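K.L.:
any chance you can model this:
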Amino acid sequence: MITIRHLKKEYPGVTPLKDVNVEISRSDVISVIGPSGTGKSTLIRCLNLLEQPTSGEIIIDGELITDKSCDVSRVRRKMGMVFQQFNLFPHMTVIENIMTAPVDLLGKSRQDAYDKGMEPEIILFDEPTSALDPTMVGEVQSVIRDLARQGNTMIIVTHEMKFAREVCNRVFYMDEGGIYEDGTPEQIFENPRKEKTRQFIRRLKVMEYDIHSRDFDFIGFNTHLEEFGRKHQISQKTIYNMQSYLEEMCMQLILPELDDRFDMTVTVEYSDTEDAAAIIIRYSGSRFDPLASANELPLILARKAAAEISYRFTEKPPFTNEVSAKIR
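P.N.:
Predicted coordinates for the structure are as follows:
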């Protein structure tokens, strides 16, 4: 139904959409999620040409709507759009706006009338519950559920993760100027494939540290780790376990086995929802699995500090080796 190819939108000094490519089928109900400023609202405004794309193509039902000869008014009649502020046209009467009987122009009623009056093929929602009283949020979500059951094609920019998971059949996570990850709610919310999606979904606090020498400042690294822990109110026990694990795994097991020239990065992720930290150590070089090391004492101590440890090897440089651990 909708094909987007190499969509780009630039403003002075910022490019929220750099290269968006996606296919949307009829009756898809899609939630668009991601951090502020990643182009979520810009994407749906480009879809109904409220914003003119800088470049790229949008095709709806076989029609290239970004072509200059396209009848924009006719295209918009296929779409309803619900704004954060439920914008009707202020210079028109209620009858002219929705071509139906007068309604209470507040909250849900105003929003409901706007789209049902149009009976569009595609409905675009830009944070439909953000401007509502909390008591009305459930009512709006119920209306959207009803529209989904009727087979409407909908694209919903939302910060309501539970709602996105329950109502939609697809989720777009937006970052880095495009659709960073696209999947089912189960894939995105339970097993995201990409790093930034995982950090956003799990509300992770992240610390990264690069190591390029065996004699790097480990004391300074430990201090940095402790400051990170205190800033995010991580328990002292978990901080101590992280420090102990890294001393054994990095200093005693991995670094002595690497070539003189190497690249290593340590990523620490803390989830307050799980009250646990993940430590991912990635390093270059040929295959080396520290969990198979003959150096038994550091390995015993590392296992004591971590709840889980795993190793994997990939042939994708620069980081061909990866050791992951969960710390509590």
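K.L.:
what about the helices in the protein?
P.N.:
With DSSP state H as the criterion, the chain has helices at 40-47, 72-76, 94-98, 107-118, 134-149, 161-167, 185-190, 195-201, 218-231, 236-246, 296-305.
K.L.:
could you dump these to a markdown table with mean pLDDT?
P.N.:
Output for the helices of the chain, formatted as a markdown table (pLDDT from 0 to 100):
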| stretch | mean pLDDT |
| --- | --- |
| helix 40-47 | 95 |
| helix 72-76 | 84 |
| helix 94-98 | 41 |
| helix 107-118 | 50 |
| helix 134-149 | 82 |
| helix 161-167 | 88 |
| helix 185-190 | 93 |
| helix 195-201 | 91 |
| helix 218-231 | 95 |
| helix 236-246 | 96 |
| helix 296-305 | 97 |
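K.L.:
which one of those lies nearest to Thr267?
P.N.:
helix 195-201 (8.5 Å; Cβ to Cβ). Glycine gets a C-beta too; all of them are placed from N, C-alpha and C.
K.L.:
which outside residues touch that closest one?
P.N.:
Helix 195-201 is contacted from outside by 33-35, 161, 173, 175-176, 180-181, 188-189, 192, 204, 206, 269, using Cβ atoms under 8 Å, 6 or more residues apart in numbering.
K.L.:
on that earlier part again, what's the most buried one of the helices of the chain?
P.N.:
Ranked by mean neighbour count under mean count of other Cβ atoms under 10 Å, the helices of the chain are led by helix 40-47, which reaches a mean of 24.
K.L.:
for that helix, packing partners?
P.N.:
For helix 40-47, the packing partners by 3 or more Cβ pairs under 8 Å, 6 or more residues apart in numbering; DSSP states H and E come out as strand 2-11, strand 14-24, strand 29-33, strand 122-126, strand 153-157.
K.L.:
mind doing that once more with 7 Å?
P.N.:
Counting contacts by 3 or more Cβ pairs under 7 Å, 6 or more residues apart in numbering; DSSP states H and E, helix 40-47 is packed against strand 2-11, strand 14-24, strand 122-126, strand 153-157.
K.L.:
of all those strands, which one is nearest Cys70?
P.N.:
Using Cβ to Cβ, those put strand 2-11 closest to Cys70, at 14.3 Å.
K.L.:
list the neighbouring strands of that closest one plus their orientation.
P.N.:
Using DSSP bridges, the strands paired with strand 2-11 are strand 14-24 (antiparallel), strand 55-60 (antiparallel).
K.L.:
so which of those gets nearest Arg165?
P.N.:
Closest of the strands paired with strand 2-11 to Arg165 is strand 14-24, at 19.0 Å (criterion: Cβ to Cβ).
K.L.:
and that closest one, how far from the chain's centre?
P.N.:
Distance of strand 14-24 from the chain centroid (Cα atoms, centre = their mean, to the nearest Å) equals 14 Å.
K.L.:
ok, residues contacting that strand?
P.N.:
Strand 14-24 is contacted from outside by 1-9, 30, 37-39, 42-43, 177-179, 182, using Cβ atoms under 7 Å, 6 or more residues apart in numbering.
K.L.:
circling back: make JSON lines from the helices and strands packed on helix 40-47 and add mean pLDDT and distance to Met79 to it.
P.N.:
Listed next are the helices and strands packed on helix 40-47 as JSON lines, based on pLDDT from 0 to 100; distance: least, Cβ to Cβ, whole Å:
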{"stretch": "strand 2-11", "mean pLDDT": "97", "distance to Met79": "10"}
{"stretch": "strand 14-24", "mean pLDDT": "97", "distance to Met79": "12"}
{"stretch": "strand 122-126", "mean pLDDT": "91", "distance to Met79": "5"}
{"stretch": "strand 153-157", "mean pLDDT": "95", "distance to Met79": "9"}
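K.L.:
let's have the ones you listed in TSV, adding distance to Leu246 and mean neighbour count.
P.N.:
TSV is the format used below for the helices and strands packed on helix 40-47 (distance: least, Cβ to Cβ, whole Å; neighbours: other Cβ atoms under 10 Å):
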stretch	distance to Leu246	mean neighbour count
strand 2-11	42	17
strand 14-24	36	17
strand 122-126	44	24
strand 153-157	40	25
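K.L.:
burial of the nearest residue to Met174 once chain neighbours are set aside, as a residue count?
P.N.:
Among residues not flanking Met174 along the chain, Gly34 sits closest, at 3.8 Å (Cβ to Cβ, 6 or more residues apart in numbering). Gly34 sits with 21 neighbouring residues when counted by other Cβ atoms under 10 Å.
K.L.:
for Gly34, give me its contacts.
P.N.:
For Gly34, the contacting residues are 40, 173-175, 200, by Cβ under 7 Å, 6+ apart.
K.L.:
from those residues, which single one is nearest Val140?
P.N.:
Relative to Val140, the closest of the contacts of Gly34 is Lys40; by Cβ to Cβ it sits at 18.0 Å.
K.L.:
ok, the closest one touching Thr158?
P.N.:
No. Using Cβ atoms under 7 Å, Lys40 makes no contact with Thr158, being 8.9 Å away.
K.L.:
do a quick rundown of the strands in the stretch 201-328 of the chain.
P.N.:
In the stretch 201-328 of the chain, the segments counted as strands under DSSP state E, counting those that start in this stretch are 204-211, 264-271, 276-283, 308-313, 321-327.
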